[in-house]
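**Student:** I'll drop the sequence and a predicted model, then ask my questions.
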Amino acid sequence: MNKKILLSGLAFATCLIVGSGCANTVARPKGQVVGLSEVEYSAAFEAGLAAMREQFAIEGQDEQSGEIIGQPTVYSGEEPSERISTSLRGAKVQLRRRAWLHLSRGPEGVAAEVRVDIERRDTQDYQMYEGILAAEDLRMRTPAERRDTAGPDRREVWTFIRRDRQTEELIIRALREHLEQR
């Protein structure tokens, strides 16, 4: 009897896992959303592109989906760190800003969502601990994780620190100014 319950529970769990599937993409967290009433979508997209160019080089844009992606900008700075290795060094760390602007059509007009993240480069810390962890989970790692096939840009480890609301506000302000000029 216990064996039947165990097998039926196992079968149910397997069906749940298989039925739910796996997602290959991670949803981007929400940013600041502003409504742009009485504006044509194409004008809003052009203004958004101009506003993003004031802060970032453009890495990608797609008017159909409304996505404008800024090329990450790397700089040196000081951010509070929970890591002992960073705190002991007392040195400046490499940081980067990543930005997205998404425009969408809605019943109340065009909406713009802006998000700017600040991330810390943790590649050195990751590499320091990687050797310790590698022996434990080598069989579970993909070739890219074992660095057999990963390119240099894929080997970088960046950790989210915080949102840059000040830069988000600058982009929103520039977006509105570009729309007023039209």
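**Tutor:** Okay, I see it.
**Student:** what stretches of the chain score poorly on pLDDT?
**Tutor:** By pLDDT under 70, the weakly predicted segments of the chain are 1-29, 79-91, 124-155.
**Student:** just the helices in it please.
**Tutor:** Ranges of helices within the chain are 2-20, 41-55, 84-89, 123-137, 165-180, based on DSSP state H.
**Student:** which other residues reach the second one?
**Tutor:** Under the contact criterion C-beta atoms under 8 Å, 6 or more residues apart in numbering, helix 41-55 has outside partners 36, 58, 61, 63, 66, 68, 70, 99, 101, 103, 105, 110, 112, 167, 170-172, 174-175, 177-179, 182. The way it works is simple: take the backbone N, C-alpha and C, and place the C-beta from them, glycine included.
**Student:** Quick check: buried residues in that helix?
**Tutor:** For helix 41-55, the neighbour count (16 or more other C-beta atoms under 10 Å) marks A44, F45, A47, G48, L49, A51, M52, Q55 as buried.
**Student:** Not counting sequence-adjacent ones, nearest residue to the third one?
**Tutor:** It refers to A47. Residue nearest to A47 in three dimensions, not counting chain neighbours: H178, with 3.7 Å by C-beta to C-beta, 6 or more residues apart in numbering.
**Student:** do you know how far that neighbour is from D122?
**Tutor:** Computed as C-beta to C-beta, to the nearest Å, the H178 to D122 distance reads 36 Å.
**Student:** go on, Q94?
**Tutor:** Separation of Q94 from D122 (C-beta to C-beta) stands at 9 Å.
**Student:** And those two? Which one has more around it.
**Tutor:** Shown here are Q94 and D122; by other C-beta atoms under 10 Å, D122 has more neighbours (19 against 16).
**Student:** my guess is that one contacts R96, does it?
**Tutor:** No - counting by C-beta atoms under 8 Å, D122 sits too far from R96 to count as a contact (11.5 Å).
**Student:** Which residues are in contact with each of these two?
**Tutor:** W158.
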